[in-house]
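Colleague: here's a sequence, model it:
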Amino acid sequence: MSGNIVLISGANQGIGFEIAKQLSVIPNYHVLLGSRGLEKGESAVLQIKNVGGSVEAIQLDITDGQSITAARDLVETKYGRLDVLINNAAILLDFQVNADYTLGQAMQDTFATNTSGAANLVETFLPLLKLSAVPRVVFVSSTVGSLHTFADFKPSYTMTKYFAPAYACSKAALNMLMLLYNVQYQEKGWKINACCPGFRQTNFCDYDDKAGPVEEGASVAIELATLGKDGQSGTFVNMKGAIPW
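Modeller: Below you'll find the predicted structure:
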């Protein structure tokens, strides 16, 4: 296939689904919609195909090494390379913390998906990304992962109602992971960035009525996923521009 091959983790719902939908209708972009459950992925694909998107479902659980390897093998066999990898899959467990489920346990489980899972996904797909003319890796992060934000804390609706230490720490670590990959591959022409979609109406926040439209939240990831050879790398951005580290 001559166009851009894109893999998105956790794309059967929320921000991931919206990124998949918008990317799939861009000419010369074909989306592999990753989902832990293939049935849910196929259901999401049907919705996107109804608007004319170029997309297919792929089973992908980023906490399962065998699942990641199987996905890599499938992509290699069918397409021979990967042009864009969007690390979107994430979980939020902080609100389940109680006497029986400690913050430490929540942090271990959260990091397994949000950070370690993302690292395993990149590592497994590195050989296929190296075959792209312009490899692009996008880490869907969050402003709550900004150390500056909490070092100079100013209360806001999202920062107080959705105060989530395990999630915030996992996203801060994800930003560092992005920078470490950028150090290794920026000079080789790779475009590796992190972005925050903002506070959006997804199941993450139980479709909070103060959250913005999910369609708008996908725009930054779309921009980073479609960068050309002169695009930026090593940035942490949202719709307004750079986010303080």
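Colleague: which parts of stretch 94-104 are buried?
Modeller: Using 16 or more other Cβ atoms under 10 Å as the test for burial, stretch 94-104 gives 94, 97. (Each C-beta comes from the backbone N, C-alpha and C, glycine too.)
Colleague: could you do stretch 164-176 as well?
Modeller: Across stretch 164-176, burial judged by 16+ other Cβ under 10 Å covers 164, 166-175.
Colleague: of those, which belong to helices?
Modeller: Using DSSP state H, the members of the buried residues of stretch 164-176 that fall within helices are 166-175.
Colleague: for the protein, identify the residue most remote from the centre.
Modeller: Ala99 (31.1 Å; Cα atoms, centre = their mean).
Colleague: and the residue sitting nearest the centre point of the chain, how far is that from Asp152?
Modeller: Central residue of the chain (Cα atoms, centre = their mean): Asn88, 1.9 Å from the mean position. According to Cβ to Cβ, to the nearest Å, Asn88 stands 28 Å off from Asp152.
Colleague: also Lys130?
Modeller: 40 Å.
Colleague: neighbour-wise, which of those two wins?
Modeller: A count of neighbours by other Cβ atoms under 10 Å puts Lys130 above the other of Lys130 and Asp152, at 13 against 9.
Colleague: list the contacts of the more buried one.
Modeller: Residues counted as contacts of Lys130 (Cβ atoms under 8 Å, 6 or more residues apart in numbering): none.
Colleague: and with 10 Å instead?
Modeller: Residues near Lys130 by Cβ atoms under 10 Å, 6 or more residues apart in numbering: 81-82, 185, 188, 190.
Colleague: show me the strands in this structure, by range?
Modeller: 4-8, 29-35, 55-59, 84-87, 136-140, 191-195, 236-238, 241-242 (DSSP state E).
Colleague: kindly reformat those strands as JSON lines containing distance to Arg72.
Modeller: Shown next, in JSON lines, are the strands of the chain (distance: least, Cβ to Cβ, whole Å):
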{"stretch": "strand 4-8", "distance to Arg72": "9"}
{"stretch": "strand 29-35", "distance to Arg72": "11"}
{"stretch": "strand 55-59", "distance to Arg72": "10"}
{"stretch": "strand 84-87", "distance to Arg72": "11"}
{"stretch": "strand 136-140", "distance to Arg72": "15"}
{"stretch": "strand 191-195", "distance to Arg72": "19"}
{"stretch": "strand 236-238", "distance to Arg72": "27"}
{"stretch": "strand 241-242", "distance to Arg72": "32"}
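Colleague: of all these, which lies closest to Asp230?
Modeller: Closest to Asp230 of those, according to Cβ to Cβ: strand 191-195, at 9.6 Å.
Colleague: and the closest one, which strands flank it?
Modeller: Next to strand 191-195 in the sheet, as set by DSSP bridges, lie strand 136-140 (parallel), strand 236-238 (parallel).
Colleague: mind listing what's buried in it?
Modeller: 191-195.
Colleague: only the C-alpha atoms, please, for it, written as CSV.
Modeller: Presented in CSV, the C-alpha positions along strand 191-195 are these (Å, rounded to 0.1, in the frame of the first residue of the first chain):
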residue,chain,number,x,y,z
LYS,A,191,8.8,13.0,14.4
ILE,A,192,8.1,12.0,18.0
ASN,A,193,5.7,14.2,20.1
ALA,A,194,3.3,14.2,23.0
CYS,A,195,-0.1,16.0,23.1
